[in-house]
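Peer 1: predicted coordinates and the sequence they were generated for:
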Amino acid sequence: MSFSHVLLQLIQGLLAVALAPLVLGWVNQCRAWLQNRSAPSLLQPYRVLLKLLRKEIVLAHNASWLLRCAPYVVFACMVLAACIVPLVATDLPFSLAADVIALVGLFALARVFMALAAMDVGTAFGTLGSRREMLIAALAEPALLMVFFTPALIGHSTALPNIVETFTTGPLQLYPSMAFAAVAFIMVLLAENARIPVDNPSTHLELTMVHEAMLLEYSGRHLALMDWAHALKLMVYMAIGIALFLPWGIARPHDWLGVPLALIAMVVKLMAIGAGLALLETLAAKMRIFKVPEFLGMAFMLAVLGMLIHFLVEA
Amino acid sequence: MSTPLVGQIINLLAAVLLLIVFAMLAQRRLLRLIHLFALQGAVLTLNTLVVAVTLHQSHLYFSVILNLVLKVIVLPWILIRLVDRLDLRRDAESVGNLPLIMLVAVVLVILSFNVALPISELAGTMTRGTLGIAMASVLISFLMMITRRKAVAQVIGFLSMENGLFFAATSATYGMPMVVELGIALDVLVATFIFGIFFFQIRETFDSLDIRNLENLKDRE
């Protein structure tokens, strides 16, 4: 590990943190276009964050340290996750320190803090939101792990850089199992990021909300951090999707010339995935919360099927 | 472990077939179920065509045409007409505990993969890896017939089971002898006609297509 690797790691982490609101803005813009609305500016999420960062924090009287430190913990978890996923290059020092299973653990840590903090003040909405979140998470997490196992079996490693290496350097091969895993991953992405069939990201103060219900008690820079972490989570999920299913273009180790090319590839892929996500959200209707276990059960089953097919026809 | 590209394509089509069977198991709407059945026939035809072209099995071209005409065009058309005449176009039935059924289906897949593994190692064909998938789709179609209550969905399950059998024959021995294939095709066609007549009889007697009514038949004394 040399200085240049650390530099690359730092640049990639900062890039992810800086670009995350832009990705969210792009998804919102695509969604507005598809729904025949006039779209908000691409920079709108940055403006909201700036506004919130300048405002003072208002806390409930009985708020404990949990509510005060939760935004920092959640944000730190997401930044760490963004550092682990190879977005531009594969030889990242952090990437080798933590594999995909640790990544799932990081998401779980952030989620637990968020749910606990939402119940801290004791409002009905916060409790309702965190209970629903935990229901969804308990079903989404095994599905996500199963999705990770198929590429891990193909790449003979659970570390993301090694998986990316296997897919980009090996001979071009059709992997039917990866198609199953990809569909399951999209379903998990929708559920984990509170997107439309599972939760509505644009609703506020409604009985159907899940993620927003947990954020009601935050204000000022706490709310800004939570929103930013949410945008970052979406970006990290997209980056995982790219690393697993569309890894072509990510710079190889010691390939410094490949980095600008990788940046362009990353922007194109993120834009395409964002547009696809907006399309999915426009076509789908929000489902009842009782249907979510069925939806995620389907994702789990698809991921397991992918793994079985890998054992049967590809091994 | 690198299989040739054709083998990979065949594996991909087999995986798609398995996915379609699962989708059929979960599909509640009758019309969509028929569309899925037609899609299954189309993928099956494509798979047979790939095998026929790459392995120069001339008798398989005949099954390709038979498949295309019968399973992609004629049978779905008959079924859609039946659904129209029975006025079931918007019909949707409850499938019961779907996650449980799905889990059972996954267990069936594991079972058939295990059973098929020693058999496919004996077979020398290029398509041997897909035998497990063919067996799984037969068993899942069977599960679909068990879990459904409405007659039309059960018939589609039966037809999809036949598709699975055909796929098994293609993957294990490059297709069945011509006479057997023709016989089965004719059987399926005639069976669908007879099922159609049955549907009308069942509905005339019970005012619904729910098979559970048949359990109440008793000799009147």
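Peer 2: All right, it came through fine.
Peer 1: where do the helices of chain A begin and end?
Peer 2: A:3-34, A:44-54, A:65-84, A:93-97, A:100-120, A:124-155, A:160-169, A:176-192, A:211-214, A:220-245, A:258-283, A:292-309 (DSSP state H).
Peer 1: show me which residues of chain B sit near chain A.
Peer 2: Contacts of chain B with chain A, taken as Cβ under 8 Å from any Cβ of the partner chain, map to B:1-2, B:5, B:8-9, B:11-12, B:14-16, B:18-19, B:22, B:26, B:98-99, B:102-103, B:105-106, B:109-110, B:113, B:116-117, B:129-130, B:132-133. Where C-beta positions appear, they are placed from N, C-alpha and C, glycine not excepted.
Peer 1: B:Gly196 contacts B:Ile80, correct?
Peer 2: No. Here B:Gly196 does not reach B:Ile80: they are 11.7 Å apart, not a contact under Cβ atoms under 8 Å.
Peer 1: now list the buried members of the residues of chain B next to chain A.
Peer 2: B:8-9, B:11-12, B:14-16, B:18-19, B:22, B:26, B:98-99, B:102, B:105-106, B:109, B:113, B:116, B:129-130, B:132-133 (16 or more other Cβ atoms under 10 Å in any protein chain shown).
Peer 1: how about the contacts made by the residue in chain A positioned nearest to chain B?
Peer 2: At 3.4 Å from chain B, A:Pro176 is the closest residue in chain A, using Cβ to the nearest Cβ. A:Pro176 makes contact with A:306, A:309, A:313-314, B:11-12, B:14-16 under the criterion Cβ atoms under 8 Å, 6 or more residues apart in numbering or on different chains.
Peer 1: one step back: is it possible to get JSON lines of the helices of chain A that adds mean pLDDT?
Peer 2: Compiled in JSON lines, the helices of chain A are given as follows (pLDDT from 0 to 100):
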{"stretch": "helix A:3-34", "mean pLDDT": "91"}
{"stretch": "helix A:44-54", "mean pLDDT": "94"}
{"stretch": "helix A:65-84", "mean pLDDT": "94"}
{"stretch": "helix A:93-97", "mean pLDDT": "79"}
{"stretch": "helix A:100-120", "mean pLDDT": "94"}
{"stretch": "helix A:124-155", "mean pLDDT": "93"}
{"stretch": "helix A:160-169", "mean pLDDT": "86"}
{"stretch": "helix A:176-192", "mean pLDDT": "92"}
{"stretch": "helix A:211-214", "mean pLDDT": "89"}
{"stretch": "helix A:220-245", "mean pLDDT": "94"}
{"stretch": "helix A:258-283", "mean pLDDT": "92"}
{"stretch": "helix A:292-309", "mean pLDDT": "90"}
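Peer 1: for chain B, which segments are assigned as strands?
Peer 2: For chain B, applying DSSP state E gives no strands.
Peer 1: what's the closest non-adjacent residue to the one residue sitting closest to the centre of it?
Peer 2: Geometric centre of chain B, nearest residue: B:Ser160, 1.2 Å, by Cα atoms, centre = their mean. Closest residue to B:Ser160 apart from its sequence neighbours, by Cβ to Cβ, 6 or more residues apart in numbering or on different chains: B:Ser141 at 4.2 Å.
Peer 1: before we move on, what about B:Thr45?
Peer 2: B:Asn67 (4.4 Å).
Peer 1: with B:Glu93 instead?
Peer 2: B:Lys150 (5.1 Å).
Peer 1: could you count how many residues lie near B:Met144?
Peer 2: A total of 26 residues lie near B:Met144 under the criterion other Cβ atoms under 10 Å in any protein chain shown.
Peer 1: my error: substitute A:Leu144 in the last question.
Peer 2: 29.
Peer 1: residue contacts, the residue nearest to it when sequence neighbours are not counted?
Peer 2: Distance criterion Cβ to Cβ, 6+ apart; nearest residue to A:Leu144, sequence neighbours excluded, is A:Val188 at 4.9 Å. Residues in contact with A:Val188 (Cβ under 8 Å, 6+ apart) are A:140, A:143-144, A:147, A:296, A:299.
Peer 1: neighbour-wise, which one of those leads?
Peer 2: The contacts of A:Val188, ranked by neighbours (other Cβ under 10 Å): first place A:Val147, 34 neighbours.
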